[in-house]
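1. Here is a sequence with its predicted model. Questions after.
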Amino acid sequence: TRSTRPQRILKAVQNNATRGDAESVIAAIDNFCRKKEWAMNVGDDKGPILDSVVSEVSPSFALELGTYCGYSTIRIARLLPPGSRLLTLEFNPDYAAIAHQIIAWAGLQDKVELLEGPSRDLIPQMKERFGIKSFDFVFLDHWKEFYLPDTKLLEECGLLRKGTVLLADNVICPGTPKYLEYVRNSPCYESCYFKSHLEYTKVEDGLEKSVFLG
Ligand SMILES: Cc1ncnc2c1ncn2[C@@H]1O[C@H](/C=C/CNC(=O)c2cc(-c3ccc(F)cc3)cc(O)c2O)[C@@H](O)[C@H]1O
Ligand SMILES: [Mg+2]
């Protein structure tokens with residue numbers, strides 16, 4: 001049977017990237033998605049914005065909602081200081097299986113914990129089961145209608161602290177209007193928009209950075 005797009009992305013990594021070299025894995029995925037087959041990675045236009053926010057926060061505990069093939073997982077993990085942890089949540093087992101292999105190819109498996117399951121089930125387990133006190137950084141890139149409910153869930157579970165940075169992908173395209181309205185109007189957040197482009201296209205998209213004020 002025909003391969004899946006994530007399987008073709010993994011093959012592009014195995015054929016073009018050097019094991020243990022995260023930069024070469026990022027480049028291999030970007031080249032494949034720009035030249036061969038579009039895929040919903042944060043990409044090489046929004047990616048440097050993600051990098052700059054991660055570097056600025058330098059999180060000890062980071063959370064990613066929506067692993068997909070692990071592209072942004074690698075972008076984040078490669079910048080983390082030693083001893084810090086990135087938890088990434090993915091409910092599609094086929095995507096998770098591919099992401100595990102791509103993260104391992106980049107040599108970043110020791111910094112990343114890929115948790116299989118829906119975010120609404122895993123977020124309430126973070127303190128007890130995963131020993132998380134609070135997150136310093138959260139990257140939202142899963143189904144867009146879950147951005148707002150999962151942000152409220154993180155608040156309710158006491159997983160955000162004064163200064164936690166939320167960074168949301170796709171706030172223009174496909175768009176996350178309910179989430180944007182919330183973080184831009186809530187007195188508990190200080191928000192700003194980083195204008196960019198939808199991955200591998202000229203279409204406008206951007207990232208919204210929101211600091212939790214506690
Ligand atoms: C509650 C829950 N729990 C756990 N995992 C969850 C989860 N909800 C989803 N997931 C997982 O996360 C990824 C889903 C990502 C959704 N991303 C997008 O839909 C997306 C779409 C575009 C796009 C833009 C213009 C177009 F014309 C077409 C598509 C661009 C993007 O950057 C996107 O991120 C995927 O791996 C899914 O299994
Ligand atoms: Mg996205």
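-> All right, it came through fine. Numbering: from 1, shown residues only. Ligands and ions are numbered 1, 2, ... in the order given.

2. What's the per-residue pLDDT of the nearest residue to Leu140 once chain neighbours are set aside here?
-> With C-beta to C-beta, 6 or more residues apart in numbering as the criterion, Leu140 has its nearest non-adjacent residue at 4.3 Å, and that residue is Ala168. Quick note: C-beta positions are derived from backbone N, CA and C, even for glycine. pLDDT, Ala168: 99.

3. what number of residues lie near Ala168?
-> Ala168: 25 surrounding residues under other C-beta atoms under 10 Å.

4. before we move on, what SS does the residue nearest to Leu114 when sequence neighbours are not counted have?
-> Distances taken as C-beta to C-beta, 6+ apart place Thr88 nearest to Leu114, at 5.3 Å, with adjacent residues excluded. Three-state call for Thr88 (DSSP: H, G, I helix; E, B strand; the rest coil): strand.

5. what's around Thr88, how many residues?
-> 25.

6. Next up, phi/psi of Cys69, please.
-> Main-chain torsions, Cys69, degrees, to the nearest 10: phi -100, psi 0.

7. List the contacts of Leu140.
-> Leu65, Gly66, Tyr147, Asp150, Thr151, Leu166, Leu167, Ala168, Asp169, Tyr179 (C-beta atoms under 8 Å, 6 or more residues apart in numbering).

8. touching ligand 1 at all, the host helix or strand of Ala96?
-> Using DSSP states H and E, Ala96 maps to helix 93-105. Yes: using C-beta under 6 Å from any ligand atom, helix 93-105 reaches ligand 1 at Tyr95.

9. average model confidence for that helix?
-> For helix 93-105, the mean pLDDT works out to 98.

10. How is Tyr193 assigned, secondary-structure-wise?
-> From three-state DSSP, the assignment for Tyr193 is strand.
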